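In: Sequence first, then the predicted structure:
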Amino acid sequence: MSTHRLTAPAPGWTATTDVVVVGSGVAGLTVALNARQAGLRVMVVTKAMLDDGSTRWAQGGIAAALGEGDTPGQHLDDTLVAGAGLCDEEAVRTLVTEGPDAVRRLIATGAAFDRGEDGHVLLTREGGHHRNRIAHAGGDATGAEISRALVAAVRTDAEIELIEHALVLDLLTDAGGHAAGLTLHVMGEGARDGVGAVRARAVVLATGGMGQVFSATTNPAVSTGDGVALALRAGAAVTDLEFVQFHPTVLWLGPEAEGQQPLVSEAVRGEGAHLVDADGVRFMVGQHELAELAPRDIVAKAITRRMQEKGADHMLLDGRHFGAEMWERRFPTILASCRAHGIDPVTEPIPVAPAAHYASGGVRTDPRGRTSVPGLYACGEVACTGVHGANRLASNSLLEGLVFAERIAADLAERHRAGELPERTVDIEAARSAHAVPLPASEARAEIQRLMSRGAGVLRSAASMAGTAAGLGLIAEQAYAHVAEEKPADPRVETWEAANLLLVATALVAAAEQRAETRGCHWREDFPERDDAHWRRHLITTLAATGGPVSTPEEQ
Ligand SMILES: Cc1cc2nc3c(=O)[nH]c(=O)nc-3n(C[C@H](O)[C@H](O)[C@H](O)COP(=O)(O)OP(=O)(O)OC[C@H]3O[C@@H](n4cnc5c(N)ncnc54)[C@H](O)[C@@H]3O)c2cc1C
């Protein structure tokens, strides 16, 4: 039973379904389509429009051992190396073994991947992969094509109910603590306007990432960590939050740029673009056997280090030798977004700097996508299945969303057949007795982002994170003080999102402060070495009765 909930009005309307899926990216829509095929009534609720998550923005592609000579075993090896000792090997084996067929099923659903003249799906390489195994669509518009195909498929299934502009607030459970629905706020008209409740036999979180917790990110505005925050308030365990991947090559738009920034995909380096400093020196050569194609954390750290050495705020990515024809054919989206910002990659190097990109951690799940709260599932970027460990291998995330979404649908179908998914009784009044978390003012969003980028970004230390934790604590105190003064912030989308950002930021810093080592994408200036003796294990974060997150190292 949830001990905490967001401050919100009581639900004014109720709807009922079998399975409610939160989020409409690759993960959510794949669960919806497959659960529907199993005969379950499905409702998809999503914060903005159906295609507004990260999925649509994915450029490079989706990794799977589809090429001649490639095997799931080789994909497994590359994934384990990137994960820096913290992958769950069985979860990775599931990903790489079930991945190729999951991609074929995605193609059968209607996603059109780029093909060669012989009709075979074209495969490219990205950082950390020793084989060409990245399938792409529209050159560098893979996510847009996957999103288009899945959205078209759910829209043609009249039995899948879709509610857009619906911000999910909190989980509802029955008296036994089994997930039984959720509360949400719909920005609509008519019967389903304002705060309501959806009753369901099972709840699937597919809310994507939390990049908006930092000032500069590749993630869209909806990626505010809502699923992780909801899961924490519902009593679920989350893990690996400290492992945030910073994409090394994000278009640098100047020192004041904030929010979502355009990505320059790894595939550009895969096709042979070079990283150089202002003097034209290729600084990745000699740092790693794969040079510019080293795993992302290594490239992000090398860029950050070089920027510090040179006192620069960006480096350069040189792909002039591709020529105009190749830029236009292979990277039309990147070319257009660079040109829209006044940079022409055909004639000049692209200014780049690292920005928050991917949450390797999230709500802890088992191989069937079940969380530690019965009846609550999670998949896609909000989940931590164990496949990424301390660092995600490029293009494994769309694949993870697909494979584990299918597994959740299969588990739901099996439980449904076995009569293990009965209707649940939820006492909405009892749910309202949970502690109502005061909401920060909507301006807190920018302050949280600044604090996180300053003290808990690519480079971290005990001192930098203490400053961030103190600043976050102050924002929480102010929210309580405003309630005491009877001047609370209005419950609305901006303040609910700010509350979620504050909770996930606080949880992330609590974990990152504890992990006194450098591993994967967690880089501690004060603990520069990897420390397997103490830290080859996960930190499990839950919410304490006081409402603060507590991280506990897992038994070794
Ligand atoms: C620029 C960019 C490029 C990328 N390139 C690649 C790539 O080439 N290959 C790869 O494998 N991965 C890539 N990734 C990562 C990948 O796109 C994501 O990890 C993946 O798409 C996540 O899918 P998802 O279904 O979990 O979440 P998303 O696609 O982010 O969808 C989340 C959904 O949840 C909804 N939502 C969130 N909160 C709430 C709430 N409170 N209530 C209701 N709905 C909510 C959102 O509106 C959205 O519909 C990239 C990411 C970005 C940002």
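Out: Perfect, thanks for sending it. Source: prediction; values computed, not measured. Numbering: from 1, shown residues only.
In: Kindly report the residues of the stretch 151-300 of the chain close to the ligand.
Out: Residues of the stretch 151-300 of the chain lying close to the ligand (CB under 6 Å from any ligand atom) are 166-168, 206-209, 218-219, 222-223, 226, 263. Just so you know, the C-beta spots here come from the backbone N, C-alpha and C atoms, and that holds for glycine as well.
In: wait, doesn't Gln260 sit right on Pro220?
Out: Yes: Gln260 is in contact with Pro220 according to CB atoms under 8 Å; the separation is 5.5 Å.
In: Which elements pack onto the worst-scoring helix or strand of the chain on mean pLDDT?
Out: Least confident helix or strand, the chain: helix 428-431 with a mean of 84, by mean pLDDT, DSSP states H and E. The contact analysis (3 or more CB pairs under 8 Å, 6 or more residues apart in numbering; DSSP states H and E) places helix 428-431 against strand 166-173.
In: avg pLDDT for the strand it packs on?
Out: The average pLDDT within strand 166-173 is 98.
In: Give me the sheet partners of that strand and which way each runs.
Out: Sheet pairing for strand 166-173, assigned by DSSP bridges, gives strand 179-186 (antiparallel).
In: mind listing what's buried in stretch 286-304?
Out: 287, 290-304 (16 or more other CB atoms under 10 Å).
In: cool, and stretch 113-124?
Out: Phe113, Asp114, Val121, Leu122, Leu123, Thr124.
In: Quickly name whichever of these is closest to the ligand.
Out: Using CB to the nearest ligand atom, Thr124 is the member of the buried residues of stretch 113-124 that sits closest to the ligand, with 10.5 Å.
In: now the residue of the stretch 351-500 of the chain found nearest the ligand, nearest residue through space, not along the chain?
Out: Closest to the ligand within the stretch 351-500 of the chain is Gly380: 2.2 Å, counting by CB to the nearest ligand atom. Spatially, and ignoring its direct neighbours in sequence, Gly380 is nearest to Ala27 (2.7 Å; CB to CB, 6 or more residues apart in numbering).
In: just checking, that neighbour is part of a helix?
Out: Yes: assessed with DSSP: H, G, I helix; E, B strand; the rest coil, Ala27 lies in a helix.
In: who touches stretch 514-525?
Out: The contact list for stretch 514-525 (CB atoms under 8 Å, 6 or more residues apart in numbering) reads 82-86, 242-246, 296-297, 300-301, 360, 389-391, 458-461, 464, 512, 526-531, 534-535, 539, 551, 553.
In: Show the contacting residues for the nearest residue to Leu402 once chain neighbours are set aside.
Out: If the residues on either side of it in the chain are set aside, Leu402 comes closest to Ala102, at 4.5 Å by CB to CB, 6+ apart. Ala102 is in contact with Ala64, Leu399, Leu402, Val403, Glu406, counting by CB under 8 Å, 6+ apart.
In: Look up how far Ala302 lies from the residue nearest the centre of the chain.
Out: What sits nearest the mean C-alpha location of the chain, by CA atoms, centre = their mean, is Gly209, with 2.6 Å. Per CB to CB, to the nearest Å, Gly209 is found 24 Å from Ala302.
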